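In: What would the 3D arrangement of this be:
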Amino acid sequence: MTYEDILEWMYRQMPMYQRDGQAAYKIDLETTEQLDAHFGHPHKYFKTIHVAGTNGKGSVSHILASVLQQAGYKTGLYTSPHMKDFRERIRINGEMIEKDFVVDFIRENGNYFETLNSSFFEMTVAMAFNYFKRQQVDVAVVEVGLGGRLDSTNIVDPDLSVITNISLDHTRFLGHTVKAIAGEKAGIIKHSRPVVIGEHHSDTATVFSSKARECNAPFYFADQEYSVEPLSKEKPEEAIYRVSRGGEVLFEKLRTDLTGSYQSKNIATALKTIDVLNWLGYGINQESITSGMANVKRNTALLGRWHVLQQSPLIICDTAHNEAGLAWNIREIENMGVQSLHFVLGFVNDKDLDTILPLFPKTGRYYFTRAKIPRALDEVELKAKAGEYDLMGASFSSSAEALKEARQKAGANDLIYVGGSTFLVSEVI
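Out: Sure, this is the predicted structure:
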C-alpha cells in the first residue's frame with residue numbers, strides 16, 4: 001500500500017471526530033491505555049509538555065516547540081488537526097514524520113487498531129508517541145485534541161501542564177458552562193507537576209486552583225505576571241511587543257512572525273511556561289527565546305493563524321472558530337481601516353451561530369460556503385441563518401467558488417477574511 005492508500009484507509013476505517021462528530025468521542029481512556037500498553041508505554045521515553053485550552057493551545061504549542069528547538073533540544077510536536085498534510089500533526093524540529101514510518105506503522109498495526117475499534121485520534125496519538133520514542137526526542141510538546149480529562153493525549157506524565165484559556169466551545173462534550181469546561185481542561189493537571197494557566201477569570205480560577213491544590217501541583221496565572229503590549233509594526237509579516245513582568249521591562253522589542261494581536265495572550269502564556277521550565281532545569285536563555293519567538297513559523301511550519309494569502313486585495317485566513325476567538329479577530333479587522341470587508345464563511349453543524357453571527361459587521365459582504373466534510377453546515381442554511389442578523393451575501397457550494405467570487409468583487413484596498421471553520425481554512429490554504 002502506498003502512503004495515499006494508507007491515508008485513505010485511516011480516514012475510511014477509523015471513527016474520526018472531524019467527520020463523525022459525537023460518534024467518534026469516547027467517554028474513557030480505555031482504548032488509549034490498551035494501545036499504550038501494547039506499544040510499551042512509548043511516552044515514558046521522553047519528556048513532555050502538555051497543552052490544553054479553548055483558544056491558543058496550538059499557537060502556544062508551536063511557540064514552545066520553536067523556543068525549545070532554538071535552545072538545542074530535539075523537540076517533538078504533536079498537534080491537530082492538520083491543514084494540508086496529515087504528517088503536519090507529528091513533527092520533530094519542524095520536520096514532518098516520514099511517509100515510510102506512517103505506512104509501516106499502519107501496515108504492522110492496522111489489524112490491531114481495527115480489533116480495538118480505535119478512533120482516528122487514538123491511532124494518531126499512538127503513532128506520534130512511537131515515532132518520538134523511535135527518534136529519541138529530548139522533549140515533546142503535546143497539544144490536547146479536545147477537552148483534556150478524556151483526551152487520548154492525557155496518558156502522559158508531563159514535566160509541565162499548560163491551560164491557555166477557557167470559553168464556550170464543544171459544549172455537547174465538555175459542558176455548557178465555562179466552569180464545567182474548565183473542569184474538563186483541568187483534567188490534565190497531574191500530581192506534583194506545575195501548571196501554567198494563561199488567563200485568570202473569576203468563573204474558572206477556583207476550578208483550576210482547587211484541582212491544582214488537590215494534586216499538590218504548583219500553579220501560575222500568566223496574565224497576572226506578564227504584560228505584553230503591542231507596538232507599531234515595522235514589517236507586515238511580523239509583530240512587535242514590549243514585554244514586562246512585575247513592572248520590569250524584559251523585552252523592549254520582542255519580535256514574532258505570529259501577527260494576530262490575540263497572540264499577545266499566547267506570548268504571555270508561553271513566557272511564563274518558559275520560566276517554569278527553567279526552574280525545572282531546562283536552561284533556556286534569552287537568545288533562544290528571542291530567536292524562537294521570531295521564527296515560530298519558520299521553525300515549526302505553523303499554518304492558519306492570521307495567515308496572509310496575498311496583499312492586494314489583502315486576504316487573511318484564520319482558524320478561530322468559536323465566539324471568543326472570532327471576537328478577537330473581528331475587533332482586529334475593524335481596526336485595520338480597510339476600504340471594504342468581505343467574509344468567506346463556513347461552519348461545522350454543531351456551532352451555536354446565535355452567539356457567533358452577531359459578532360460580524362452588517363456592513364460586510366458575505367460569501368457563505370462549506371468545507372468538504374460531512375459535519376459542515378449547509379451553505380444555504382448558513383445564508384438563511386446569517387440573514388436573521390442582517391448579514392447579506394450569496395451561498396457557494398465550494399470554498400474555491402466562494403473565494404473566487406470574493407476576489408472578483410474585492411477592490412485592491414479591501415480585505416477578504418476566510419474563516420469560521422478550521423476545515424474551511426485548510427481547504428483555502
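In: which parts of stretch 37-48 are buried?
Out: Buried positions in stretch 37-48, judged by neighbour count with 16 or more other CB atoms under 10 Å: 39, 42-43, 46-48. Using the backbone N, CA and C atoms, a C-beta is placed for each residue, glycine as well.
In: what would those look like in TSV with pLDDT, secondary structure and distance to Gly198?
Out: Shown next, in TSV, are the buried residues of stretch 37-48 (pLDDT from 0 to 100; DSSP: H, G, I helix; E, B strand; the rest coil; distance: CB to CB, whole Å):
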residue	pLDDT	secondary structure	distance to Gly198
Phe39	97	coil	32
Pro42	98	helix	29
His43	98	helix	24
Phe46	98	coil	24
Lys47	98	strand	21
Thr48	98	strand	19
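In: Need the max-distance pair from those.
Out: The largest separation in the buried residues of stretch 37-48, counting by CB to CB, is between Phe39 and Lys47 at 18.2 Å.
In: where does the stretch 151-300 of the chain have low pLDDT?
Out: For the stretch 151-300 of the chain, residues meeting the criterion pLDDT under 70 lie at 167-176.
In: Going by distance to Ala402, which of the buried residues of stretch 37-48 wins?
Out: Checking the buried residues of stretch 37-48 against Ala402 with CB to CB, the nearest one is Thr48 at 39.9 Å.
In: Any idea how many residues pack against the closest residue to Asn349 other than its chain neighbours?
Out: Counting by CB to CB, 6 or more residues apart in numbering, Asn349 lies nearest to Leu377, which is 4.5 Å off, once chain neighbours are set aside. Here the count is done by other CB atoms under 10 Å, and Leu377 has 22 residues near it.
In: so how far is Thr369 from Leu377?
Out: Leu377 is 10 Å from Thr369, where distance means CB to CB, to the nearest Å.
In: Residues in contact with both of these two, list them for me.
Out: Both Leu377 and Thr369 are contacted by Gly346, under the criterion CB atoms under 8 Å, 6 or more residues apart in numbering.
In: tell me the domain ranges of the chain?
Out: 3-300, 307-428 (automatic domain parsing).
In: okay, which residue is most central for the protein?
Out: Gly58 (2.9 Å; CA atoms, centre = their mean).
In: ok, the residue nearest to Asn349 touching Gly346?
Out: Yes - using CB atoms under 8 Å, Leu377 is in contact with Gly346, at 7.0 Å.
In: can you list residues touching both of the two?
Out: Residues touching both Leu377 and Gly346 by CB under 8 Å, 6+ apart: Arg370.
In: Could you report the neighbour count for the residue lying closest to Arg134 once chain neighbours are set aside?
Out: Residue nearest to Arg134 in three dimensions, not counting chain neighbours: Phe101, with 7.6 Å by CB to CB, 6+ apart. Neighbourhood size, Phe101 [other CB under 10 Å]: 16.
In: Ok, Thr319 next?
Out: 25.
In: Next, it: secondary structure please.
Out: Classification of Thr319 by DSSP: H, G, I helix; E, B strand; the rest coil places it in coil.
In: Helices along the stretch 201-350 of the chain, start to end?
Out: Here the stretch 201-350 of the chain has its helices, by DSSP state H, counting those that start in this stretch, at 202-214, 263-279, 286-294, 296-300, 323-334.
In: quick one on the thing from earlier: and the helix or strand harbouring the residue nearest to Arg134, what's buried?
Out: Assessed by DSSP states H and E, Phe101 sits inside helix 99-116. For helix 99-116, the neighbour count (16+ other CB under 10 Å) marks 99, 101-103, 105-106, 109-110, 113, 116 as buried.
In: What of stretch 154-166?
Out: So for stretch 154-166, counting by 16+ other CB under 10 Å, buried means 154-156, 158-166.
In: Now do that stretch: distance from first to last residue.
Out: This stretch, stretch 154-166, spans 18 Å end to end (CA to CA, to the nearest Å).
In: thought the residue nearest to Arg134 was touching Tyr131?
Out: Yes - proximity of Phe101 to Tyr131 meets the contact threshold set by CB under 8 Å, at 5.9 Å.
In: quick one on the thing from earlier: list the contacts of the residue nearest to the centre of the chain.
Out: Applying CB under 8 Å, 6+ apart, the residues near Gly58 are 79, 143, 302, 305, 319.
In: what about it, which SS state?
Out: Taking three-state DSSP, the label given to Gly58 is helix.
In: Quick check: Leu359 vs Leu314, distance?
Out: For Leu359 relative to Leu314 (CB to CB), the value is 20 Å.
In: Now for Ile429, how many residues are close by?
Out: Neighbour count for Ile429, taken as other CB under 10 Å: 14.
In: again with Glu388
Out: Neighbour count of Glu388, defined by other CB under 10 Å: 11.
In: Phi, psi for it please.
Out: Note on Glu388: backbone dihedrals following degrees, to the nearest 10 are phi -60, psi -20.
In: dump the residue contacts of it.
Out: Counted by CB under 8 Å, 6+ apart, Glu388 has contacts Leu357.
In: Mind pulling the model confidence for it?
Out: pLDDT recorded at Glu388 is 96.
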